[in-house]
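Peer 1: have a look; sequence and predicted model below, questions after that.
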Amino acid sequence: MARYIGPKTKIARKFREPIFGPDRYFEKRSYPPGQHGIAKKRAKQSEYAVQLLEKQKVKYTYGILERQFSRFFSIALRKEGITGENLLKLMESRLDNVVFRFGIAPTRAGARQLVSHCHITVNGKVNNIPSYIIKPGDIVGVRERSKANEVITDSLASRSNKYGWLEWDTTAMQGKFVTTPSRDEIPENIKEQLIVELYSK
């Protein structure tokens, strides 16, 4: 199963945003990587470079590679509505992202691992496909024998983010994907129109 496993702080510095979550190393050096760091005078980026950088940011943020990203874009293009918003809604509906949003895992990478290792259920059945698209009304929960997992319990104990499109049942350790979030509800700092423009070239 392909995934990015390289240095994360360096990538976050490239985008000047902690896209992988809180990072004390990023806080120390929030300027771009490289020998000269913040002192280096960088040439003005071309329109294509800006668009490509935005696409790369989305891929790193949601933890997917090029082939799968292209497939999601094709699906978003065929759906009714605004293509860029459709793309982000698809990303937010991925099982690994929903697990992360519920707070079952502290990061998307951690959520992906929990799904892959069969700790997560969808509508009562174990689902080990991180890219599985969750539909409104679906119930995502922790597998019965995994409810004592220290990683999961610690993450849920520190759970603070609550989203309007999700309902969480602490006792049952499961939550309902009430509806697909609107663009205004998605907190990620992404300019999706740049990605649409890139693919329209």
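Peer 2: Alright, I've got the coordinates. Just so it is clear, the structure is predicted and the values come from calculations on it, not from any experiment.

Peer 1: could you list the residues in contact with the host helix or strand of Phe73?
Peer 2: Using DSSP states H and E, Phe73 maps to helix 66-78. Outside helix 66-78, the residues that touch it by CB atoms under 8 Å, 6 or more residues apart in numbering are 55, 58-59, 64, 83-84, 86-87, 89-91, 131, 195, 199. In this view, the C-beta of every residue, glycine as well, is placed from N, C-alpha and C.

Peer 1: which residues does Glu185 contact?
Peer 2: 163-165.

Peer 1: let's see it at 10 Å
Peer 2: Residues near Glu185 by CB atoms under 10 Å, 6 or more residues apart in numbering: 89, 92, 163-165, 179.

Peer 1: biggest separation within those, which pair?
Peer 2: Lys89 and Gly164 (14.1 Å; CB to CB).

Peer 1: what about the closest residue to His119 other than its chain neighbours, distance to Val140?
Peer 2: Nearest residue to His119, sequence neighbours excluded (CB to CB, 6 or more residues apart in numbering): Ser146, at 4.1 Å. Going from Ser146 to Val140 by CB to CB, to the nearest Å gives 13 Å.

Peer 1: same question for Glu197.
Peer 2: Distance, Glu197 to Val140, using CB to CB: 34 Å.

Peer 1: same question for Tyr132.
Peer 2: 10 Å.

Peer 1: for Ile133, same thing?
Peer 2: For Ile133 relative to Val140 (CB to CB), the value is 12 Å.

Peer 1: okay, the longest helix anywhere in the chain in CSV with CA atoms only?
Peer 2: Counting residues, the longest helix found in the chain (DSSP state H) is helix 47-62. Listed next in CSV are the C-alpha coordinates belonging to helix 47-62 (Å, rounded to 0.1, in the frame of the first residue of the first chain):
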residue,chain,number,x,y,z
GLU,A,47,1.4,30.4,-12.3
TYR,A,48,2.0,26.7,-13.0
ALA,A,49,4.3,26.4,-10.0
VAL,A,50,1.7,28.0,-7.7
GLN,A,51,-1.0,25.6,-8.9
LEU,A,52,1.3,22.5,-8.7
LEU,A,53,2.3,23.5,-5.1
GLU,A,54,-1.3,23.7,-4.1
LYS,A,55,-2.0,20.2,-5.5
GLN,A,56,1.0,18.8,-3.7
LYS,A,57,-0.2,20.4,-0.4
VAL,A,58,-3.5,18.6,-0.7
LYS,A,59,-1.8,15.3,-1.5
TYR,A,60,0.5,15.6,1.5
THR,A,61,-2.3,16.9,3.8
TYR,A,62,-4.6,13.9,3.1
